[in-house]
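In: my questions concern the predicted model and sequence given below.
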Amino acid sequence: MRYAPAPPARDALGEPFFDWLATRPAKAEVFTNSMTAMTRNLAHQLADVIDIKNAKVAVDVGGAGGNLVQTLMRRHSGLTGMVLDPPHVGTEADASAKSLGVTDRFTFVGGDFFDKVPSGDLYWLKFVLHDWDDDAHVFHGRHRGFDPPLAQAVTTWPS
């Protein structure tokens with residue numbers, strides 16, 4: 001993965017934060033669970049205000065346990081959803097899809113969003129953009145993998 005120059009976590013941990021998590025399953029589970037907990041209420045609030053009636057495929061880029069896109073899928077029965085995140089997160093995302101009853105329309109894609117992003121017509125980046133410097137951001141319209149090139153994008157980050 002690509003990183004901003006020497007972020008504080010890299011200095012403290014001796015390696016980039018997400019690489020550190022990838023080799024520590026228990027810590028990764030705690031991180032994923034905390035992101036899911038932060039998302040739970042936000043997902044319902046966003047589902048109330050974001051117009052997605054024209055969306056068919058929503059891709060939650062860096063979506064961890066999948067709660068955001070899966071909440072939208074429950075509200076919109078015609079919506080198919082995906083989460084793109086490192087492979088070690090897939091078990092939690094699939095379990096969440098099962099508990100919410102959306103496994104037939106949900107796909108977890110293990111990968112790196114700097115390499116390729118699955119095709120969709122709605123992209124979510126929740127608590128993602130603040131992790132990267134401006135040159136690394138995945139949402140420059142020129143980024144390969146987004147189809148159509150900018151579709152509809154919704155971003156949220158900690159306040």
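Out: Arrived safely, thanks for sending. Numbering: from 1, shown residues only.

In: wasn't A58 part of a strand?
Out: Yes - assessed with DSSP: H, G, I helix; E, B strand; the rest coil, A58 lies in a strand.

In: next up, phi/psi of the closest residue to it other than its chain neighbours, please.
Out: Counting by C-beta to C-beta, 6 or more residues apart in numbering, L122 is the residue found nearest to A58 once chain neighbours are left out, at 4.3 Å. (C-beta placed from N, C-alpha, C; glycine too.) Phi and psi for L122, reported as degrees, to the nearest 10, are phi -140, psi 120.

In: and for L122, the neighbour number?
Out: Neighbourhood size, L122 [other C-beta atoms under 10 Å]: 21.

In: what of F17?
Out: F17 has 17 nearby residues by other C-beta under 10 Å.

In: you'd agree it is up against P8?
Out: No - counting by C-beta atoms under 8 Å, F17 does not reach P8; the two are 9.0 Å apart.

In: hmm, back to that, okay, and the beta partners of the residue nearest to A58?
Out: A58, Q152 (DSSP bridges).

In: from Y123, how far off is V61?
Out: 6 Å (C-beta to C-beta, to the nearest Å).

In: ignore the last one, V89
Out: To Y123, V89 is 18 Å away according to C-beta to C-beta.

In: any residues in contact with both of V61 and Y123?
Out: Common contact partners of V61 and Y123 (C-beta atoms under 8 Å, 6 or more residues apart in numbering): V117.

In: how near is L68 to A97?
Out: Distance from L68 to A97, by C-beta to C-beta: 12 Å.

In: er, F18 I mean
Out: From F18 to A97 the distance is 22 Å (C-beta to C-beta).

In: and these two? which has more neighbours close in?
Out: Between F18 and A97, counted using other C-beta under 10 Å, the more crowded position is A97 (24 against 18).

In: next up, the contacts around that one.
Out: Contacts of A97 (C-beta under 8 Å, 6+ apart): G66, Q70, T103, F106, F108.

In: all helices of this protein, in order?
Out: Along the chain, counting by DSSP state H, helices occupy 8-13, 17-22, 25-49, 67-75, 90-100.

In: of all those, which one is nearest K56?
Out: Of all the helices of the chain, it is helix 67-75 that lies closest to K56, at 11.4 Å by C-beta to C-beta.

In: contacts for that closest one, please.
Out: Contacts of helix 67-75 (C-beta under 8 Å, 6+ apart): 36, 39-40, 42-44, 46-47, 52, 58-60, 63, 79-83, 96-97, 100-102, 105-106, 124, 126.
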